[in-house]
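Engineer: Generate a structure from the sequence data that follows.
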Amino acid sequence: MKWLPITSTMRRVLIAFVLTTVTVGCSNSSSVVSHPGNSLGLANPPEIVSTNGVARVALQAVINPATGGPALQYAGALVPPTIRVSPGDTIAITYTDSLPVSSSGALNSANLHFHGLSTSPNPPADDAIDILAMPGQTVHYLVPVPKTQPPGLYWYHSHSHGEANWQLYNGMSGAIVVNGTASFASETSGLPERVIILRNVLSHPEYSALSIARRVALHKARKASSLHTLADDGICQQPFAIDSEYTTINGRTPGVSLAMQRGARQLWRVLNASADGYYDVSVDGQTLHVVSIDGVPIKTYPGAQEQDVHDVPIPPGGRAEFIVTGPAAATAFRTTCFDTGPDGDPNPSQVLAEVGPAATAQLPTIPLPGPTAPAIGTYQSAMGGSIAAQRTLDFNEDDNGFYLNGLAFAFSAPPMFVVQSGTVERWTLRNTTGEVHAFHIHQLHFVAQDVDGVAQPAVWRDTLNLPIAHADGTPSVTHVLLDFRDPIIRGTFLFHCHLLEHEDGGMMAKIVVQ
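Structural biologist: So this is what the prediction gives:
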């Protein structure tokens, strides 16, 4: 990995100052819904619920005194809230960078990306390129949630290039729930909801520990071995030279209790908010009924069918929403080992929580937003017919960094692709490396057609795992259809690998839709 310096800083700082003058025309405060813990286990994060069409949130980037790493502070606590809105609402965030000025290591800059929302990429909305606060500065985001936004689980997270991996490792993220899932998945109507946020974090974070040294050493050690199996190369063991890397579930260490009444059903909204970690989640002895992937109900796409599966792989940045039935006896909510390839990161198996019968109905409390009309837009129309352009995108890496089509990201570089609004494109994604990558593009969703010639079900996604290159050195090949039909998403935005070490190391590029 190579930490790239932030260029064009003065231009971005100027925009940050300008944005501090933006105000919201609604004086009503958003409702705050707390989800206190109880003796039976895991609570949902606190929630901000939109009032009169606006969800208003004040966040600060601060130093966590317990770890010395950066953190998001909300209402005096280091627990980022879930933001709950309906299609057509606005998210209004005042974000203050209260991190210390630094002349070495992390620059302690701060911004946000609203992952999965099909909203404007222009300031003061979801602009992850030019909106940037330096220590002591404040920026204001006004993010319209389109009336056409599919209901489901989205999220916000740090996206300061060169520091995104560092900040996500320290938990600087939170969930967004768009109401109305029952409009597409009627079986979820009235079900208690669990918002479950999985993160791989560091107990004693050090910025230098995320340097190129650990990854280069790991790559060289693995390349020296001619045999790769899960058992013998440590791919399922805890990794590297990082001290105390571990998983949290809603900020707590694994082993918590998820209380459920026997036979009762819950809708679990699971977010992989890790910087680099994969989770392959399951509940022992159960078939999970998956209703949404990456925020979008599966039935949204014409002809698509919901899935009954035993496990759900979720790449970094991905989400899955599924129905779980209360077991007759205590069982495990777990993640199994995910093999990221001979050059990839270990993602070991572990039990995340115990799912057990509850004597009483002490279940998560959720707000009752009332009926939400189905969001109707391009998500409900298939992407058949004319393909405006076909493009090829290679994912490359070496011991010095990570690249797209052989190029490392630079703010000064022109957009890699220029796209016409109102079109559909077909991209060929080729992974030339010995580790998986997770393709993500801002502002829109896409549909995978096939992976190495194997047809894929038509499901909207915004983050997709790309298999490693083949044993003979040829790249894996994935074909996707990208939807640029929504006129809201005109502007310049980003696409990248959502393993944020790879993004920070250069595996990112700009795209302009005009």
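
Engineer: Could you tell me the end-to-end distance of stretch 287-307?
Structural biologist: For stretch 287-307, the first and last residues are 10 Å from each other (C-alpha to C-alpha, to the nearest Å).

Engineer: can you tell me the helix or strand for Ile511?
Structural biologist: Assigned by DSSP states H and E, Ile511 falls within strand 508-513.

Engineer: Which strands and helices lie in contact with that strand?
Structural biologist: Using 3 or more C-beta pairs under 8 Å, 6 or more residues apart in numbering; DSSP states H and E as the contact test, the elements touching strand 508-513 are strand 417-419, strand 491-497. Where you see a C-beta, it was placed from the backbone N, CA and C, and this is true even at glycine.

Engineer: let's see 10 Å
Structural biologist: Counting contacts by 3 or more C-beta pairs under 10 Å, 6 or more residues apart in numbering; DSSP states H and E, strand 508-513 packs against strand 401-404, strand 417-419, strand 476-484, strand 491-497.

Engineer: hey, where'd the helices end up in this structure?
Structural biologist: Using DSSP state H, the helices found in the chain span residues 9-19, 164-169, 212-223, 500-504.

Engineer: hang on, the earlier thing: for the helices and strands packed on strand 508-513, which one sits closest to Thr94?
Structural biologist: Thr94 lies closest to strand 491-497 among those, at 22.6 Å (C-beta to C-beta).

Engineer: Now do the closest one and strand 508-513, the angle between them.
Structural biologist: If you take axes from the mean of the first three to the mean of the last three C-alpha atoms, to 10 degrees, strand 491-497 sits at 150 degrees to strand 508-513.

Engineer: Go ahead and measure how far strand 491-497 is from the middle of the chain.
Structural biologist: Strand 491-497 has its C-alpha centroid displaced from the chain centroid by 14 Å (C-alpha atoms, centre = their mean, to the nearest Å).

Engineer: I'd like the mean pLDDT over it, please.
Structural biologist: For strand 491-497, the mean pLDDT works out to 98.

Engineer: where does the protein dip in pLDDT?
Structural biologist: Counting by pLDDT under 70, the chain has low-confidence residues at 1-40, 208-244, 358-374.

Engineer: Would you point out which residue is most central in it?
Structural biologist: In the chain, the centroid-proximal residue (C-alpha atoms, centre = their mean) is Gly317; its distance is 2.3 Å.

Engineer: any idea how far that residue is from Gly53?
Structural biologist: Per C-beta to C-beta, to the nearest Å, Gly317 is found 28 Å from Gly53.

Engineer: Now for the residue nearest to the centre of the chain: which residues touch it?
Structural biologist: By C-beta atoms under 10 Å, 6 or more residues apart in numbering, the residues touching Gly317 are 113, 115-116, 155, 157, 168, 173, 271-275, 294, 438, 440, 462-464, 496-500.

Engineer: Kindly report the same for Thr67.
Structural biologist: Going by C-beta under 10 Å, 6+ apart, the list of residues near Thr67 reads 78, 170-171, 201-206.

Engineer: Just give me the neighbour total for Ser103.
Structural biologist: If you count neighbours by other C-beta atoms under 10 Å, Ser103 ends up with 5.

Engineer: no no, Ala382
Structural biologist: 14.

Engineer: Could you pull up the residues touching the spatially closest residue to it that is not a sequence neighbour?
Structural biologist: The shortest distance from Ala382 to any non-neighbouring residue, by C-beta to C-beta, 6 or more residues apart in numbering, is to Pro302 (4.8 Å). Contacts here follow C-beta under 10 Å, 6+ apart; on that basis Pro302 touches 379-384, 458.
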